[in-house]
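>>> What shape does this take:
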Amino acid sequence: MTEQRQSDESPPSGSIKERIDPWMVGLALLSAILAALVVSPMLWLVWQATTVELGRAYDLMFSLRTAEITLNSIVLMVSVTGFSILLGVPLAVLTVRTDLPYPRFWTVVAALPLVIPSYIGAIAFVSMFGSGGEIDSLFGMTIPRIDGLWGAVFIITLYTYPYVFLTTRAALVSMDSRLVDAARTLNHGPVKAFRDVTLPNIRPGIAAGALLAGLYAISDFGTPAFMQARVFTSRIYGEFSGFQVEYAALLALQLVSIVAIVLVIEAGIGRDEDASGGGGSGATIMLGHWKWPAMGFVSLLGVLTLVIPVAIFTTWVFRSEGDRIPALEFQTEVAFNSVYLALLAALVACLFALPVAYYSGRTSSFVSRVLERATYIGFAVPGVVIGLALVFLGTRTLPSLYREGVWLLVFGYVIRFLPQAVGTVRSSVLQVDDETIEAARTLNAGRLETFRRVTLPMIAPGVVAGAVLVFLTTMKELPMTLMLQPIGMDTLVIKVWQAHEALAYRYAAVPALLLILISGVTMIVLLRQEGYEVT
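The predicted structure is shown next:
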């Protein structure tokens, strides 16, 4: 360690030469170009917003309608975050620290809702339990309505709590549970030991999951739209559809401002000392007669998030009531289009990620960190905002590309999900042994040949994992697909949206089931790629 620090502080002549190596300079320039491409749509959005006359902008931003949208969006985000913590943290503790039977099975059940788009659950629950839904039609029952703002909170929470569950579970697994045992020897009860010892140590994990849940909630478009909740995303799309682009741009900037504030708050809350202690084992919490209620709790979540939607959509598949709507009927090419676009996005994202991740992983300079972080902007910005920015960019500067549609849509997917590929590829690059590369160089192998024959095979698992993640999330992306849809090129999510708009929910059955199936299979491939046993 001392030798390494000395070499970093006083680099020999060879290190100075490496810093001006044309190979690394080329990678830096290529990474800068890619980062600029990722950021450029947001700059166009800012420019469009600045063209609004000042008085008009003031009236739009401080109107009662904007105040309502802002309040609803914040309530949605805060409520989903809070409820996700209330669900995710206990589930993590149950599957890691207790004697709950079959913990691996319950872990899968608790995590699986993450692969289902929340708007799929929303359309199932609205059609069944919403105002005028099938419960009303069949039984004439008066039940609490699952719609509006609180309906959106309920549905989004069901499909985002796994973020908190998985990050908290990871923190619990890495934490040395002997710390809890030490507290128990000091006459701390289970609740006090959790509050004073466990909770401070797993707080960064909880904060990381809560951030993901909160960002998902405030950026979700489909669920609030299906629930008729007046929030930023649905209102931006509504103004865009009504050709009120000025108001849409201003709303988008307000939404981005809220997201930035959330990121700053998380940066202060989610920091704490590392409490991992080598995974030492400690005493298991014995549930006793609470074992059965605990299993019932996890089972209930599985029924709500998985069984009910699948059962509803499966029932619709075999229904033939009502007049036929030929335009909404499922066609095989719709599934092909979704897979085709997702594969293109995954391929382009990996091509973009390779130079950025390799440059960031092989150097620790300030420039490399800035360029890498620039590619993460799209992931923190809601898809409806990126879609709106690309519409501005396409119609103003690239009308032919905008009319063609496919590549502009793929570019939008790449901007949104590029960080997934960059993160996994960079992690693999960091695992590459410098000595292996130097050994290849001593055999007179050039930079490109060394990368192709040595480095690329070693980082291939990270590239594949990144491609699978981008494919999975692209398949489910709704707002950008709606806003940048190529003419005559329907996809699975477009068919679900069209069925909702026509209130012909049975036509959403096959596309929804295919989305669930493809997402589930993709998740299994990802888990196997990362070395998990999937039974």
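
>>> all helices for the stretch 301-450 of the chain, in order.
308-317, 332-362, 366-374, 377-380, 383-397, 399-404, 406-430, 434-442, 447-450 (DSSP state H, counting those that start in this stretch).

>>> closest one to His500 among the ones you listed?
helix 308-317 (13.0 Å; CB to CB). Using the backbone N, CA and C atoms, a C-beta is placed for each residue, glycine as well.

>>> Quick one: list the elements packing against that closest one.
Identification of packing neighbours for helix 308-317 by 3 or more CB pairs under 8 Å, 6 or more residues apart in numbering; DSSP states H and E yields helix 118-129, helix 509-529.

>>> sorry, back to before: of all the helices of the stretch 301-450 of the chain, which lies closest to Ile459?
helix 406-430 (3.9 Å).

>>> How far away from the center of its chain is that closest one?
Centroid separation for helix 406-430 versus its chain: 12 Å, with CA atoms, centre = their mean, to the nearest Å.

>>> Quick one: mean pLDDT over that helix.
Helix 406-430 shows a mean pLDDT of 85.

>>> Now do it against helix 332-362, angle only.
Here helix 406-430 points in a direction 40 degrees away from that of helix 332-362 (axes from the mean of the first three to the mean of the last three CA atoms, to 10 degrees).

>>> secondary structure element for the nearest residue to Ile518 once chain neighbours are set aside?
Take Ile518 and drop its neighbours on the chain: the residue closest to it by CB to CB, 6 or more residues apart in numbering is Met475, 5.9 Å away. With secondary structure defined by DSSP states H and E, Met475 is part of helix 456-476.

>>> Check which residues of that helix are buried.
459, 461-476 (16 or more other CB atoms under 10 Å).

>>> when you compare where it runs with where helix 406-430 runs, what's the angle?
140 degrees.

>>> what about helix 456-476, distance to the chain center?
A distance of 14 Å separates the centroid of the chain from that of helix 456-476, by CA atoms, centre = their mean.

>>> Could you pull up the residues touching Phe83?
Contacts for Phe83 (CB atoms under 8 Å, 6 or more residues apart in numbering) come out as Val153, Thr157, Tyr161.

>>> pLDDT at Ala183, what is it?
Ala183 is assigned 53 on the pLDDT scale.

>>> dump the residue contacts of the residue nearest to Ile518.
Going by CB under 8 Å, 6+ apart, Met475 touches Ser338, Val339, Ala342, Leu492, Val493, Leu515, Ile518, Ser519, Thr522.

>>> export those residues to TSV and tack on pLDDT?
Formatted as TSV, the contacts of Met475 follow (pLDDT from 0 to 100):
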residue	pLDDT
Ser338	92
Val339	92
Ala342	93
Leu492	91
Val493	91
Leu515	88
Ile518	86
Ser519	82
Thr522	78
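
>>> what two of those residues have the greatest distance between them?
Largest separation among the contacts of Met475 by CB to CB: Val493 and Thr522, giving 15.0 Å.

>>> And the helices of the stretch 301-450 of the chain: which comes nearest Val109?
Nearest to Val109 among these is helix 308-317; the distance by CB to CB comes to 13.6 Å.

>>> So Leu250 is in contact with Ala49, correct?
Yes - look at Leu250 against Ala49 with CB atoms under 8 Å: they come within range, at 5.5 Å.

>>> shared neighbours, those two?
Joint contacts of Leu250 and Ala49 (CB under 8 Å, 6+ apart) are Ala57.

>>> What angle do helix 118-129 and the longest helix anywhere in the chain make with each other?
Longest helix of the chain, by residue count under DSSP state H: helix 64-97. Interaxial angle, helix 64-97 versus helix 118-129 (the same axes, to 10 degrees): 100 degrees.

>>> downstream neighbour of helix 64-97 in the secondary structure list?
Following helix 64-97 in sequence order, the next helix or strand is helix 103-111 (DSSP H and E).

>>> By mean pLDDT, show me the worst of the helices and strands packed on helix 308-317.
Across these, helix 509-529 has the smallest mean pLDDT, namely a mean of 80.

>>> Can you give me the neighbour number for the nearest residue to Met77 once chain neighbours are set aside?
Nearest residue to Met77 in three dimensions, chain neighbours excluded: Ile218, at 4.2 Å (CB to CB, 6+ apart). Number of residues near Ile218 (other CB atoms under 10 Å) recorded here: 24.

>>> Same check on Trp407?
If you count neighbours by other CB under 10 Å, Trp407 ends up with 15.

>>> One more: Val75?
17.

>>> now do Leu54
By other CB under 10 Å, the residues close to Leu54 number 8.

>>> returning to that earlier point: top of the contacts of Phe83 by neighbour count?
For the contacts of Phe83, counting by other CB under 10 Å, the largest number of neighbours falls to Tyr161: 28 neighbours.
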